[in-house]
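Student: When you get a sec, could you give me coordinates for this:
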Amino acid sequence: MNYSYHPDAQREVAAAVAYYVTIGPQLGNNFLTELEKSINRILSMPEAWAIHIGDTRRCLLHRFPYGVVYLMVPQGIEIVAVTHLHRKPDYWRDRVTA
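Tutor: Numbering: from 1, shown residues only. Modelled structure (predicted):
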């Protein structure tokens, strides 16, 4: 199964990695590893997570306060947002067409 990122989700990943690297050089890599694990879980079982908002679903990362918000689309999985769980909720809603 294929997956793609919304451009804003790519920027969120880059910002999170940059932040964690300032705390510790390996922490940015650890974040990316956890993100990849979450995406692999989504790809292997896309319907395992409950509907979140609209048709989106959200898979939480382990060790980091982030969630991967995604849509199941004919081409595979579209990652709508990689969102920090303690910040403004649902800011990404306009990325999903109704």
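
Student: Under the pLDDT cut-off, which ranges of this structure? List them.
Tutor: The chain contains residues with pLDDT under 70 at 98.

Student: Just want the most central residue of it.
Tutor: Val68 (2.3 Å; Cα atoms, centre = their mean).

Student: I'd say it and Asn40 touch.
Tutor: No. The criterion here is Cβ atoms under 8 Å, and Val68 misses it with Asn40 at 10.9 Å. All C-beta atoms are positioned from the backbone trio N, CA, C, and that covers glycine.

Student: which residues does the residue nearest to the centre of the chain bridge with?
Tutor: Cys59, Val82 (DSSP bridges).

Student: so who does it touch?
Tutor: 35, 38-39, 42, 58-61, 79, 81-82 (Cβ atoms under 8 Å, 6 or more residues apart in numbering).

Student: who wins for most neighbours among those residues?
Tutor: Within these, Val82 tops the neighbour count with 28 neighbours, counted by other Cβ atoms under 10 Å.

Student: wait, that one sits on Tyr66?
Tutor: Yes. Counting by Cβ under 8 Å, Val82 touches Tyr66, with 5.9 Å between them.

Student: any residues in contact with both of those two?
Tutor: 16, 35.

Student: Gly67: neighbour count?
Tutor: 19.

Student: so how far is Val80 from it?
Tutor: 11 Å (Cβ to Cβ, to the nearest Å).

Student: Over to Arg63?
Tutor: The gap separating Arg63 from Val80 is 22 Å, by Cβ to Cβ.

Student: between these two, which one's more packed in?
Tutor: Under the neighbour definition other Cβ under 10 Å, Arg63 and Val80 were set side by side, and Val80 has more, 25 against 11.

Student: Which helix or which strand is home to the more buried one?
Tutor: For Val80, the element it lies in under DSSP states H and E is strand 76-84.

Student: Equivalent analysis for Gln10, please.
Tutor: Residue-wise, Gln10 maps onto helix 7-23 under DSSP H and E.

Student: Show me what that helix is packed against.
Tutor: helix 25-44, strand 76-84 (3 or more Cβ pairs under 8 Å, 6 or more residues apart in numbering; DSSP states H and E).
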